[in-house]
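> 3D model of this:
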Amino acid sequence: MDYPTVRMRRLRKNSNIRDIVRETKLNKEDLIYPIYFKEGLKKGEKEEISTMPGQFRYSIEDGVEYAKELESKGLRSIIVFGIPLEETKDPVGSPAFMEEGIVQTAIRALKKETNLVIIGDVCLCQYTSHGHCGLIHEYDKGDINDNTDDGVKILNDPSLKYLAKTAVSQAKAGADIVAPSDMMDGRVEAIRNALDEECYEDVMIMSYSAKFASSFYAPFRDAADSAPGKGNRKSYQMDPANGREAIRECELDVVEGADMLMVKPALPYLDIIKTVKEDFNLPLVSYNVGGEYSMIMAAIDKGYLTEDSIMESLLSIKRAGADLIITYFAPYLLDHL
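Residues are numbered from 1 along each chain as shown. Below you'll find the model as predicted:
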C-alpha cells in the first residue's frame, strides 16, 4: 500500500514547525481586562468575588495599582465597571452619570497613572434601585394594559437620555471608548449624538451589539450587585435561539454610528461571532463572560480540566473571528503568552 503524497503530519512534527504554521495566534494586545471598582472601599480593602475565584472588587488606589501591574506585563486596554454605594441608587441610576461617580473617578485615576486604552461600560443596572438596565414602569396586578411577562415594562426611549448622559460623563472623565451594554433600541445613535454635541467626536463607541439573555451572566450580577429586583432582562437582551436577529442588531448599530461591534457571551455564540466577522468590516469584540471563566476555573480546580483549556477556549474565540476579547483570564494569559 503506497503512502499518500500529502502527509499532513509534516506540519506537526515538532514544536518549531507547529509554531510557524499556526493559523490563529492570540496576542497580548487582543486582551481587554474587566475591572471592578467599588465605592466605599479603602486602600487595601479589595473584596474577592465569590463566584469568580481570583477576581476582586477594588478601591480606586488598589485597582489602579493592579492595572499598572497588568500594563507592565503587556496589557493594552481595560474596561471599567463600578459598584456604587447602595443608598445612592435611585430609579434613574443617577450614580452612573455623576461627575464624581465611581467609574468617572476610576477613569480619571487610570488616565493619570497609566497609558492603557480606557473603556467605560455604559449601563444603568448597577446604579438603579430596581436593577434593570433602563427605566421601568411597574403595572398593578390585573392592569388591562399590562402585556409583560412579569408586570415590569422597560421604558426604552426615556432610558436613552440617561444612557447618553452616562456616556458623556465617562468621556469627560477621559474614557477613550464608551461601551453601551443596555440593549435599548436606538442607544448608539443617542450616545453618538450626545458625544458629538459635547465635542467628544473622537470618543469611540464599542457597542454590545448582540448581547444575549444568557445564564452565563450570573457571576457578573454577583460581582456588580446588578441582579434585577423584579422580572428579568429577556424583553431587551436577545433570545439565545436567534442568530439572524443578532445580525439585524449589528446592522442597526453600524447605521447608528458604532465604531466596534460586540458579541456577548463568547463560547456559546461562536457561530454568531463568525457570521458577524464575515458580514461587517468593523473591529469585532467578544466578551468571555464570568460564567465562562468560572466554569473553566471550577473544572480546573476539580481536576476535570488542565490549565491548557484556558488557551484553547480563548483561541476558539479568536479563530471564530473576534479581534479583541474581554476576558477575566487576561492576567493568566499575560503570564503565558
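> need the strands for the stretch 201-337 of the chain, in chain order.
204-211, 260-264, 284-288, 324-327 (DSSP state E, counting those that start in this stretch).
> Adding distance to Glu138, mean pLDDT and mean neighbour count, write the ones you listed out as a markdown table.
From N, CA and C alone the C-beta is placed, and that goes for glycine too. Listed next are those as a markdown table, based on distance: least, CB to CB, whole Å; pLDDT from 0 to 100; neighbours: other CB atoms under 10 Å:
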| stretch | distance to Glu138 | mean pLDDT | mean neighbour count |
| --- | --- | --- | --- |
| strand 204-211 | 24 | 97 | 26 |
| strand 260-264 | 27 | 98 | 25 |
| strand 284-288 | 30 | 98 | 27 |
| strand 324-327 | 33 | 98 | 23 |
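> Dump those to TSV, plus distance to Arg57.
Formatted as TSV, the strands of the stretch 201-337 of the chain follow (distance: least, CB to CB, whole Å):
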stretch	distance to Arg57
strand 204-211	21
strand 260-264	21
strand 284-288	19
strand 324-327	17
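> Among the ones you listed, single out whichever gets nearest to Lys43.
Nearest to Lys43 among those is strand 324-327 (26.5 Å), distances taken as CB to CB.
> Need the contact partners of the closest one.
Here strand 324-327 makes contact (CB atoms under 8 Å, 6 or more residues apart in numbering) with 30-34, 77, 79, 260, 266, 283-288, 293, 314, 317-318, 333.
> Now do the helices in the protein.
Taking DSSP state H, the helices of the chain run over residues 15-21, 60-72, 102-113, 156-173, 187-197, 218-224, 244-256, 270-279, 290-302, 308-320, 330-336.
> So Gly40 sits against Glu87, correct?
No - counting by CB atoms under 8 Å, Gly40 stays clear of Glu87, with 10.1 Å between them.
> Settle it for me: which of the two has more neighbours?
Gly40 (11 against 7; other CB atoms under 10 Å).
> Could I get the contacting residues of the more buried one?
Leu85.
> Phi, psi for it please.
The phi and psi values for Gly40, taken as degrees, to the nearest 10, are phi 100, psi -20.
> one step back: save the helices of the chain as TSV, and put in distance to Phe212, mean neighbour count and mean pLDDT too.
What follows is the helices of the chain, written out as TSV (distance: least, CB to CB, whole Å; neighbours: other CB atoms under 10 Å; pLDDT from 0 to 100):
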stretch	distance to Phe212	mean neighbour count	mean pLDDT
helix 15-21	34	9	95
helix 60-72	28	17	98
helix 102-113	24	21	97
helix 156-173	18	22	97
helix 187-197	17	20	98
helix 218-224	13	21	82
helix 244-256	8	17	97
helix 270-279	8	18	98
helix 290-302	12	18	97
helix 308-320	15	18	98
helix 330-336	22	17	97
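> Please name whichever of those is nearest to Gln237.
helix 244-256 (10.6 Å).
> Could you report the neighbour count for Asp225?
Applying other CB under 10 Å, we find 16 residues neighbouring Asp225.
> So it is in contact with Leu85, correct?
No - judged on CB under 8 Å, Asp225 makes no contact with Leu85 at a distance of 10.6 Å.
> pLDDT at the nearest residue to Arg221 once chain neighbours are set aside, what is it?
Leaving out its chain neighbours, the residue that sits closest to Arg221 by CB to CB, 6 or more residues apart in numbering is Ala227, at 4.3 Å. The model reports Ala227 with a pLDDT of 78.
> And for Ala227, the neighbour number?
The number of residues packed near Ala227 is 15, by other CB under 10 Å.
> Please apply the same query to Ser129.
16.
> Next, work out how far apart it and Thr88 are.
Between Ser129 and Thr88 the computed distance is 10 Å (CB to CB, to the nearest Å).
> wait, Lys73 sits on His336?
No - in this structure, Lys73 is not within contact of His336 by CB under 8 Å, at 10.5 Å.
> Pull the residues that contact stretch 82-99.
Contacting residues not belonging to stretch 82-99 are listed as 36-40, 57, 101-104, 106, 122-130, 135-136, 162, 165-166, 168-169, 172-173, 224-225 [CB under 8 Å, 6+ apart].
> average model confidence for it?
Here stretch 82-99 scores 95 as its mean pLDDT.
> residues of that stretch that come out buried?
The neighbour-count check on stretch 82-99 (16 or more other CB atoms under 10 Å) flags 82-84, 89, 92-98 as buried.
> Just the terminal-to-terminal distance for that stretch.
Distance between the two ends of stretch 82-99: 13 Å, counting by CA to CA, to the nearest Å.
> now do stretch 248-264
Chord length of stretch 248-264, first to last residue, is 15 Å (CA to CA).
> who touches it?
Outside stretch 248-264, the residues that touch it by CB under 8 Å, 6+ apart are 177, 179, 181, 185-186, 188-189, 192, 204-212, 214, 238, 246, 269, 272-273, 276, 279-280, 282-287, 289, 322, 324.
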